[in-house]
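**Student:** Fold the following.
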Amino acid sequence: MTQVRWPFVLLAAVLTLISPFLAALRLKILFSRVYSLPLKFTWAVGYIAALVSLALPFYVGGFGSAYILSKKARVSYSKSFAILFVDFLFGVFLTIILGTIGIYYFYQKRLLTPRLEDWRWIVVFCFTLIVAIFALLILKSKHKKIENLFLKLKDFSSIVSSIIIIKAFLLTVLVAVLGFGASYLYFIAFGLKPPITDFILASSLFGLLGLIPGAPGKIGQYETFGVITLPFLLGLDKNRVFVTLLINHTFSVTAIVIFGLISLHLLNLNFSKIETLLGLKRNRQISKY
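**Tutor:** Okay, the predicted model is just below:
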């Protein structure tokens, strides 16, 4: 840490703070056919979701955020949650695609050697998914709840358009570029300059591991996954990679806490109301937003 070049760290931090505004703009666009949400509101909701998910595992912040958005937009919770879920998919689909490419890329470089058992589980998962879809289609006409699920999906498809999807996709690409750029600047700050293509694909593989729910704030989990993947795939020093990830993660957590608390103030919320939104306290009244 005594050798770090702080101007690169500060520049990376600035890029990291820009990304949430673009993500908030994407959510605003996805909601545009339902309700015109203020950009400040979607930005605050995003940080509240991140703050709650920081304290609790399994990304539970999204459930409370869907409720807040449904009240503001005056739509049903299911529709609000569906839009928020699509926004989440936009946020991870590039990571999934690049991570899949990365598996093949590093396999060709003989840095990854998937075993037969690994492929077997992938085949089982795909087969189970196909069977589940067909089962839902068969049971659709016999069970009202399943039929309602398909009606909600059809209802959601009617509120998006091709121009909305294109805008959301372009913003997703821009967020990804800023994310990779910020991460690369952190590495440069600690004297690490891996090839950019290898870095993007290795970071995407690391990002896939980051989707696994676990410790609150992924403290320790984030650094551990990084140390067992990035030094091996990129041929970097483990100590430098660890310190780089530690600084990166520390700034990210600090920003979420600070701006998350600011967002709670902006929306006139507190942790008691958040617990109520998540169903942890059902005996209190929820104020309207």
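**Student:** for this protein, what spans make up the helices?
**Tutor:** 6-31, 39-55, 61-73, 77-108, 116-139, 144-157, 162-189, 196-210, 221-234, 238-266, 271-277 (DSSP state H).
**Student:** Tabulate those (a markdown table), appending mean neighbour count.
**Tutor:** Backbone N, C-alpha and C define where each C-beta goes, glycine included. Shown next, in a markdown table, are those (neighbours: other C-beta atoms under 10 Å):
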| stretch | mean neighbour count |
| --- | --- |
| helix 6-31 | 18 |
| helix 39-55 | 22 |
| helix 61-73 | 21 |
| helix 77-108 | 17 |
| helix 116-139 | 10 |
| helix 144-157 | 12 |
| helix 162-189 | 17 |
| helix 196-210 | 19 |
| helix 221-234 | 19 |
| helix 238-266 | 17 |
| helix 271-277 | 18 |
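**Student:** Mind putting these into a markdown table with mean pLDDT?
**Tutor:** Shown next, in a markdown table, are these (pLDDT from 0 to 100):
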| stretch | mean pLDDT |
| --- | --- |
| helix 6-31 | 92 |
| helix 39-55 | 88 |
| helix 61-73 | 81 |
| helix 77-108 | 85 |
| helix 116-139 | 65 |
| helix 144-157 | 61 |
| helix 162-189 | 92 |
| helix 196-210 | 89 |
| helix 221-234 | 87 |
| helix 238-266 | 90 |
| helix 271-277 | 56 |
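**Student:** For Arg5, what are phi and psi?
**Tutor:** phi -100, psi 100 (degrees, to the nearest 10).
**Student:** So what's the residue count around it?
**Tutor:** Arg5 has 12 neighbours, counted by other C-beta atoms under 10 Å.
**Student:** if you skip the residues just before and after it, what's nearest to it?
**Tutor:** Among residues not flanking Arg5 along the chain, Ala189 sits closest, at 4.9 Å (C-beta to C-beta, 6 or more residues apart in numbering).
**Student:** And for Gly181?
**Tutor:** Going by C-beta to C-beta, 6+ apart, Gly181 has Leu15 as its nearest residue, at 5.6 Å.
**Student:** Now do the contacts for the one you found.
**Tutor:** 178-179, 181-182, 185 (C-beta atoms under 8 Å, 6 or more residues apart in numbering).
**Student:** ok, back up a step: measure the residue nearest to Arg5 to Thr224 for me?
**Tutor:** Look at Ala189 and Thr224: by C-beta to C-beta, to the nearest Å, they are 21 Å apart.
**Student:** Ok, Ser19 next?
**Tutor:** From Ser19 to Thr224 the distance is 24 Å (C-beta to C-beta).
**Student:** Phi, psi for Pro194 please.
**Tutor:** With angles defined as degrees, to the nearest 10, Pro194 sits at phi -70, psi 160.
**Student:** list the contacts for it?
**Tutor:** 187, 202, 234-236.
**Student:** pLDDT score assigned to Ile159?
**Tutor:** If you check Ile159, the pLDDT there is 66.
**Student:** correct me, but Phe81 touches Ile68?
**Tutor:** No. The pair Phe81 / Ile68 is not scored as a contact, 11.2 Å apart, by C-beta atoms under 8 Å.
**Student:** re the thing from before, please tell me how far the residue nearest to Arg5 sits from Leu15.
**Tutor:** Counting by C-beta to C-beta - Ala189 and Leu15 are separated by 12 Å.
**Student:** likewise Arg74?
**Tutor:** When Arg74 is compared with Leu15 (using C-beta to C-beta), they lie 35 Å apart.
**Student:** again with Ser80
**Tutor:** From Ser80 to Leu15 the distance is 30 Å (C-beta to C-beta).
**Student:** next one: Tyr67
**Tutor:** Taken as C-beta to C-beta, the span from Tyr67 to Leu15 is 31 Å.
**Student:** Please name the nearest non-neighbouring residue to Arg74.
**Tutor:** Nearest one to Arg74, counting by C-beta to C-beta, 6+ apart, is Tyr35 at 6.7 Å.
**Student:** quick one: that neighbour and Val75 touch, right?
**Tutor:** Yes. Under the criterion of C-beta under 8 Å, Tyr35 makes contact with Val75 at 6.8 Å.
**Student:** which one of the two has more residues nearby?
**Tutor:** Higher neighbour count among Tyr35 and Val75: Val75, with 17 against 14, using other C-beta under 10 Å.
**Student:** That one contacts Leu37, doesn't it?
**Tutor:** No. In this structure, Val75 is not within contact of Leu37 by C-beta under 8 Å, at 10.9 Å.
**Student:** List of residues touching stretch 82-92?
**Tutor:** Residues outside stretch 82-92 that contact it (C-beta under 8 Å, 6+ apart) are 23, 26-27, 30-31, 34, 62, 65-66, 69, 152-153, 156, 159-160, 168-169, 172, 175, 211.
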